[in-house]
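Engineer: Using only what follows, build the 3D model:
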Amino acid sequence: MRIFRNSLDLVIAISIILLTTQCTANKAYSKKSNIPEWVVNHPINSNYFVGIGSAPIIKKQNSHIEKARKDALNELASEISVQLSSSNILITLVKNDKISEEFNSLIRSKVITDLSDYELVDTYLDKKNYWIYYRLSKQKYFEQQLEKKNIALKTASTFYTNALNSEVSGDIKTAISDYVKTIDALKLYLNEDNTVDINNEKVNLTVSAFMKLNSIITSLKIVPDYSVVNGIFSLDIDPNILTYKLIDNSGNLIKGFPVIAHYSERAIPNPSSTTDDKALVSYSIGKIRSLKQEENFTVMPDINSILINATSDYTVRKAVLDIPLQKISIPIYIKKPSIRFDVVSQTTDKTNYDDLIANTFINRSLLSNYSTAEISDYICKVIINAKQINYSGGIYTVELTGTIQLFDNKNNIKYSVQISPVRGMQISMDKAKNEAYSNFQQQINSRYFREIEEAILK
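Structural biologist: Numbering: from 1, shown residues only. Okay, here's the model as predicted:
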């Protein structure tokens, strides 16, 4: 520690310390006083929306300018959103809270999309951070928005008028499409009053378009020709049976309208169709291949196909698809087909063997839930012949051969096979023959009926 030798040295030292401290304080005050007021206190201006953004400065990078700019524009958009008019119109139009929130998000997002003509007021930076100051004239912004909304209202009015005319003429598909286009044109203004003059009447376009859509869609009714359908496994169902009529609650025929079907077993060819001039639509499901005892066939108006052409906006589509829609589902009761077995034996005592082989086929088919009848869905023709082919050492050898053919009810061959030779070897001719037929019965159960069933499945 320095020792002051006299009072003069002490006074000089104290004076130097005080002078240094004063200079440092003045320098700090001068540096702080250079910070703009808008950095310290957020500006409030009744004529302008204001956005202040900031970002840290990272050495050897220049990203802070763009980050601060985005931050300022987001704040500018937020300030606009707070002052936008709000109402319960959207809540009234869209009952689904999730869809309502998606519309609100869409409306808020338009603020950022529509930001233009904002002014750069000032920028500021120090060694660590960068700030930027934007502002946007409120009067100019609302004038631009009003101009855009008026254009949207004009477009929506045209679609709404077209929809009214289509509804009167009975073109319900076009009416739905144009009502949807009305909403799509005004989707960014759903929380505002969208009243215009239509045919000398005051009409809130969005409210009325939603109400019209709800009225039309909920009135659509699918009427089946048959409320219950009986089907046979492996066979087609007559398209005339799967015929439906589309009407409204007043019984009016809905012509030229898209309808879509769903079959619970599998996807069907051409599930989408359009009602004809009698408001009818028919479907073919092909051969029934389900092993279940019951499937369902569902038909409903295909609103989604109309929406795809009316709007590309997913939220608008969801809002319309949320409207309750009637669909009809009818049961299809499935049973296995009937098979008649015609057996011809070319042996001497053929009657007994005919019955033996026929009963073997019948019992095996009944075990798999197939029925048999004189007039059947399939006919299985079996021709067999058992003859002695050898006698040696007191042993008779009998060989059974023949053919098996399966025909459908249109006389098409579904299955045809040469019976693999089956032999019986016994000490008597009758015993050898019985053994050959017994071995053939085993092959019926293990092979031939399985192949017949596979042919039916194809």
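Engineer: Can you check the pLDDT for residue 96?
Structural biologist: At residue 96, the predicted lDDT confidence score is 58.
Engineer: for residue 63, same thing?
Structural biologist: 89.
Engineer: where in the stretch 351-458 of the chain is pLDDT low?
Structural biologist: Along the stretch 351-458 of the chain, segments meeting pLDDT under 70 span 351.
Engineer: go on, the stretch 1-150 of the chain?
Structural biologist: 1-33, 82-113.
Engineer: residue boundaries of the strands in the stretch 201-350 of the chain?
Structural biologist: 201-204, 221-224, 229-232, 243-247, 258-263, 272-274, 280-282, 294-301, 328-335, 339-345 (DSSP state E, counting those that start in this stretch).
Engineer: Check the contact between residue 306 and residue 180; I expect there is one.
Structural biologist: Yes. Proximity of residue 306 to residue 180 meets the contact threshold set by C-beta atoms under 8 Å, at 7.3 Å. (C-beta placed from N, C-alpha, C; glycine too.)
Engineer: which of those two has more neighbours?
Structural biologist: For the pair residue 306 and residue 180, the greater number of neighbours falls to residue 180 (26 against 22), based on other C-beta atoms under 10 Å.
Engineer: With residue 173 as the reference, measure out to the closest residue to the more buried one other than its chain neighbours.
Structural biologist: Spatial nearest neighbour of residue 180, excluding adjacent residues (C-beta to C-beta, 6 or more residues apart in numbering): residue 310 at 4.0 Å. Residue 310 is 10 Å from residue 173, where distance means C-beta to C-beta, to the nearest Å.
Engineer: Tell me how many other residues surround the residue nearest to residue 365 when sequence neighbours are not counted.
Structural biologist: Leaving aside its sequence neighbours, residue 365 sits nearest to residue 339 (C-beta to C-beta, 6+ apart; 5.4 Å). Residue 339 has 24 neighbouring residues, counting by other C-beta under 10 Å.
Engineer: Which residues are in contact with residue 329?
Structural biologist: For residue 329, the contacting residues are 296-299, by C-beta atoms under 8 Å, 6 or more residues apart in numbering.
Engineer: I'd like to know which of those residues are buried.
Structural biologist: 297, 299 (16 or more other C-beta atoms under 10 Å).
Engineer: Which single one of the contacts of residue 329 is nearest to residue 260?
Structural biologist: Among the contacts of residue 329, residue 299 lies closest to residue 260 (C-beta to C-beta), at 7.4 Å.
Engineer: so the closest one touches residue 285, yeah?
Structural biologist: No. Residue 299 lies out of contact with residue 285 (C-beta under 8 Å); the separation is 11.8 Å.
Engineer: if I look at the residue nearest to residue 254 when sequence neighbours are not counted, how far off is residue 285?
Structural biologist: Distance criterion C-beta to C-beta, 6+ apart; nearest residue to residue 254, sequence neighbours excluded, is residue 246 at 4.3 Å. When distance is defined by C-beta to C-beta, residue 246 is 19 Å away from residue 285.
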